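Peer 1: sequence first, predicted model second:
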Amino acid sequence: MSIKEKVPVTILTGFLGSGKTTLLNRILSEEHGKRIAVIENEYGEVGIDQGLVINADEEVFEMSNGCICCTVRGDLIRVLGNLMKRRDKFDYVLVETTGLADPGPVAQTFFMDEEISSEFTLDGIVTLVDAAHIDQQLGRSDESSEQVAFADVLVLNKTDLVSDDALNTLESRLRDMNRMTRIIRAENAKVPIETVLNLSAFDLDQILKRRPTFLEPEYPFEWTGVYDLDAGKYELMLEEGPDPEMSLVALANQGESEEELKDGAESSVRLYAEKANSLDPGNTIPYGEHINLKLEDKGNKSFILNIEKPTKIGLFTQHTAEEFNMKVIKSDENKEIPFSTERFWQAEHEHDDEVGSIAIERFGDVDPEKLNTWMGRLLSEKGVDIFRTKGFISYSGNPRRIVFQGVHMLFTAQPDKEWGNEPRRNQLVFIGRNLNEKEMQEGFDKCLI
Amino acid sequence: MPDIEPFSPRGMFHEGWTAEVNDYAIACGWALKGKQFIVGDVAGGLFSFEGDTGKIIWKKENTHSGGLLAMAIHPEGEIFATSGQDGNVQICNCHEGKVIKTLDLGKGWVEHLKWSNDGLFIAIASSKKVYVFNEIGEEKWISEDHPSTVSAITWSNKNELATACYGRVTFFDIVNNKTNQKLEWQGSLVSMELSPDGDIVACGSQDNSVHFWRRSTGMDAEMTGYPGKPSHLSFDDSGKLLATSGSERITVWSFIGNGPEGTMPGELCHHTEPISSLAFSNKGMLVASGSRDGSVVASFLKNDGNGDPVGAAFAGDLVGAISWRPDDCALAAVNAKGVVNVWKFKVRTNLFSKGFK
């Protein structure tokens, strides 16, 4: 075969009004040194001057064998087939789908058609959602939940139209549906270009280099409050709540931006992984430690926070402040200090949506034969409902990690880096509709040695 | 660039001439009974060369904004038509390349052009519609919308046109404006060829198979097992053999006797990468094949579809199109780098049929 760089392709999905065209125009007008060819399925909104724009009607071609994974997009095969003869004119392709497009056939086109896959590589699927309307859309149509399920990046757009609380709730809902996606909040589709292009989202080596895990963390805490405090002594007051105890991590110098909150959350996740030290009322809360507040006594309980110099304290609590009517009070003035920012994480997953993610994480090795049999059966029985699969596996006797991914029933597995001294483990994520988590976990456990 | 080493013409291929066009060459053909050779590139450049020497006669650039998609030379060889992404068809004269008539079919890509065998009509496929015009560019017939973009068109006789699209082949009587026959098959048909007598319909399908129908009996058959989709098909002039692409091998189905159903096809393994163009000689059982690896091979076939190479040459890069000169005494190949190669070829059809029987 001739050694040629394959042209990366980004697929842009999202309902009408979610801001796809705004994002597209933004990408095209920004200086990024790329010459982008655009295949547009919704007519007429992209400025014609902006390079190579081709309009095409969506044509979904099912095959006679009835296999859903063989379904491809005829229009893309045709247009890309022509574009591959004009390689000197562009170095990137963006495909904008219609609002109602099923991303499955679009993605499968890049695996099923040899001529396309020899010249192009699917870089990633970017889905825009309109923060103000996605809740209703998810309830009404399969397409919108499938677009969320297939996304490597979800741009939560029009955040200016929605309250922070609603955004946090929405983000949790989307995260439940697709735990391997990256969620980016945006107003007016304003996102850094590098968060949507050149993701190599289908190149597992690349992903694993950037992110040691496919999974976005599930937070073991529900709430964060950031308190802007002067030097002095403070009390953390809690009333009776749903539990006789509550885990907490207090961090000093906690910023209030979304990014800083997520950084804080990540540190806290690590601290939460350590064993908690119990703390009885009246004692001082240490910073940067996982502690367990003892709350068995009736009435108000208070714990001490010592502040040596003015700082912002972040409290990452297992339950929400409201559930215990938790307050921070400046001791000498007996005055309540309200939080300056709060953030809900919604650790508990209530799977309301039909579409969801199932993650399986296990230490140890699997028997390759058993795994193949299990996966083969799972995908043949449930392949229609399993939209995407990603993961890595530790095969017994194989010094290398096996990484794999799939779209519906299409499935590739390849050896990756050597395990070395790392503990051998397995991590699989399935995103699909009406998947039975318990059954799948049990099925996987039987493949373990 | 291809992996294989360049090599000099071998066997029945002999050095001829080479030339260059501006971009990826996608279409070519012989005009004026082999005196002229016309090449179209993807950017819309058209180049006319002297058939014997390769000397440039005329050239034009940017004939279709957005790019050229198809070219078809009239059977008499005096005029030709081109089409492109601009939704236009141009009918030009071969001598100077002058546009005689421009047909504006709207904004869809015009991807396929076919002159009828007697040259009275030209069929044109654009998106879901097919149009028929006469030689001087007068509209004679328009189809209804097909279920999908039309992927292939071909004439079955002087008034009957076959079209292929997702799920079906349809035969239209374009003079009386009626549908003669519909052959249905749930699959995306990507290519279509008819046997010279018009009875056998062969289509390559997106699901890596070739589907046949026999119009006279209504029987159909599916030939599976291709590694890739058979985008290129060619019948020999007697209608006995059908050569198909779909991998680096040429798979040849023989329609002699009860075949090809239940028979093993002939297989020709001459190339290292998938076949990118395929053409039987105008007369006889010679098939020429061009590959992504840049090699061009001519093979002489037996009745069972197997055969041996009789000559080979290197075209330098992915072979975009090949074309036998009308007398089969030269073969032309154009490639993805815009290089044109014409080799002399000594056919000796009569000797073959005696010598190999």
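Peer 2: On my side now, so go ahead.

Peer 1: show me which residues of chain A sit near chain B.
Peer 2: Proximity of chain A to chain B is assessed by Cβ under 8 Å from any Cβ of the partner chain, with A:1-2, A:54-55, A:57, A:59, A:61-65, A:70, A:72, A:74-75, A:77-78, A:82, A:85-86, A:113-115 identified as the residues in range. Every residue, glycine included, has its C-beta placed from N, CA and C.

Peer 1: what subset of those residues is buried?
Peer 2: Neighbour-count burial (16 or more other Cβ atoms under 10 Å in any protein chain shown) is assigned, among the residues of chain A next to chain B, to A:54-55, A:59, A:61-64, A:70, A:72, A:74-75, A:77-78, A:82, A:85, A:113-115.

Peer 1: mind listing the strands for the stretch 201-350 of chain B?
Peer 2: Taking DSSP state E, counting those that start in this stretch as the criterion, the stretch 201-350 of chain B carries its strands at B:209-214, B:220-223, B:233-235, B:241-244, B:250-254, B:266-268, B:275-280, B:286-291, B:295-301, B:307-314, B:319-324, B:330-335, B:339-345.

Peer 1: check the offset of the fourth one from the chain's centre.
Peer 2: The chain centroid and the centroid of strand B:241-244 are separated by 13 Å under Cα atoms, centre = their mean, to the nearest Å.

Peer 1: going by residue numbers, what spans are strands in the stretch 201-350 of chain A?
Peer 2: All strands of the stretch 201-350 of chain A, identified by DSSP E, counting those that start in this stretch, fall at A:223-229, A:232-238, A:245-251, A:277-279, A:290-294, A:301-307, A:311-317, A:327-330, A:335-336, A:341-344.

Peer 1: in TSV: the ones you listed, plus mean pLDDT and mean neighbour count.
Peer 2: Shown next, in TSV, are those (pLDDT from 0 to 100; neighbours: other Cβ atoms under 10 Å in any protein chain shown):
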stretch	mean pLDDT	mean neighbour count
strand A:223-229	93	21
strand A:232-238	93	19
strand A:245-251	93	22
strand A:277-279	92	13
strand A:290-294	93	19
strand A:301-307	93	18
strand A:311-317	94	23
strand A:327-330	93	18
strand A:335-336	91	10
strand A:341-344	86	20
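
Peer 1: compare those strands and give me the one nearest B:L120.
Peer 2: Smallest distance to B:L120 across these (Cβ to Cβ): 75.2 Å, for strand A:341-344.

Peer 1: buried residues in stretch A:181-194?
Peer 2: Along stretch A:181-194, the positions that meet the burial threshold by neighbour count (16+ other Cβ under 10 Å) are A:181-186, A:189, A:191.

Peer 1: just the closest of these to chain B, please.
Peer 2: For the buried residues of stretch A:181-194, the residue nearest chain B by Cβ to the nearest Cβ is A:A189; the value is 27.3 Å.

Peer 1: can you give me every residue that contacts the closest one?
Peer 2: The contact partners of A:A189, by Cβ atoms under 8 Å, 6 or more residues apart in numbering or on different chains, come to A:19-20, A:22-23, A:26, A:128, A:155, A:157.

Peer 1: B:T244 contacts B:P230, correct?
Peer 2: Yes - taking Cβ atoms under 8 Å as the contact criterion, B:T244 and B:P230 are neighbours in contact, 4.5 Å apart.

Peer 1: give the residues shared as contacts by these two.
Peer 2: Taking Cβ under 8 Å, 6+ apart as the contact rule, the neighbours common to B:T244 and B:P230 are B:204, B:210, B:251.

Peer 1: now the closest residue to A:A265 other than its chain neighbours: how far from A:M177?
Peer 2: Taking Cβ to Cβ, 6 or more residues apart in numbering or on different chains, and ignoring the residues beside it in sequence, A:A265 has A:Y219 as its nearest neighbour in space, at 6.0 Å. Distance of A:Y219 to A:M177, given as Cβ to Cβ, to the nearest Å: 17 Å.

Peer 1: circling back to that earlier point, let's have the contacts of A:A189 in JSON lines, adding neighbour count.
Peer 2: JSON lines is the format used below for these (neighbours: other Cβ atoms under 10 Å in any protein chain shown):
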{"residue": "A:G19", "neighbour count": "23"}
{"residue": "A:K20", "neighbour count": "27"}
{"residue": "A:T22", "neighbour count": "17"}
{"residue": "A:L23", "neighbour count": "25"}
{"residue": "A:R26", "neighbour count": "17"}
{"residue": "A:L128", "neighbour count": "31"}
{"residue": "A:V155", "neighbour count": "28"}
{"residue": "A:N157", "neighbour count": "28"}
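
Peer 1: okay, now the unreliable bits of chain A?
Peer 2: Low-confidence segments of chain A, defined by pLDDT under 70, are located at A:1-4, A:42-51, A:202-218, A:346-352.

Peer 1: longest strand anywhere in it?
Peer 2: With residue count as the measure and DSSP state E as the assignment, chain A has strand A:120-130 as its longest strand.

Peer 1: can you pull the buried residues of the helix or strand just after that one?
Peer 2: Going down the chain from strand A:120-130, the next helix or strand is helix A:134-140, by DSSP states H and E. When neighbours are counted by 16+ other Cβ under 10 Å, the buried residues of helix A:134-140 are found to be A:134-135, A:137-138.

Peer 1: which strands and helices sit next to the longest strand of chain A?
Peer 2: Judged by 3 or more Cβ pairs under 8 Å, 6 or more residues apart in numbering or on different chains; DSSP states H and E, the packing partners of strand A:120-130 are strand A:7-14, helix A:20-29, helix A:103-112, helix A:142-150, strand A:153-157.

Peer 1: so which residues of chain A form helices?
Peer 2: With DSSP state H as the criterion, chain A has helices at A:20-29, A:74-83, A:103-112, A:114-117, A:134-140, A:142-150, A:164-177, A:204-210, A:258-272, A:368-382, A:437-445.

Peer 1: for chain B, same thing?
Peer 2: Listed in chain order (using DSSP H), the helices of chain B are B:349-355.

Peer 1: residues from it in reach of chain A?
Peer 2: Listed as neighbours of chain A in chain B under the rule Cβ under 8 Å from any Cβ: B:1-3, B:23-24, B:26, B:42-43, B:67, B:69, B:85, B:107, B:109, B:111, B:127, B:148-149, B:166, B:185-188, B:205-207, B:222, B:227-229, B:231, B:273-274, B:292, B:320, B:336.

Peer 1: coming back round to it: could I get the shared contacts of B:T244 and B:P230 as JSON lines with distance to A:Y287 and pLDDT?
Peer 2: Listed next are the shared contacts of B:T244 and B:P230 as JSON lines, based on distance: Cβ to Cβ, whole Å; pLDDT from 0 to 100:
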{"residue": "B:G204", "distance to A:Y287": "69", "pLDDT": "96"}
{"residue": "B:V210", "distance to A:Y287": "72", "pLDDT": "95"}
{"residue": "B:T251", "distance to A:Y287": "73", "pLDDT": "97"}
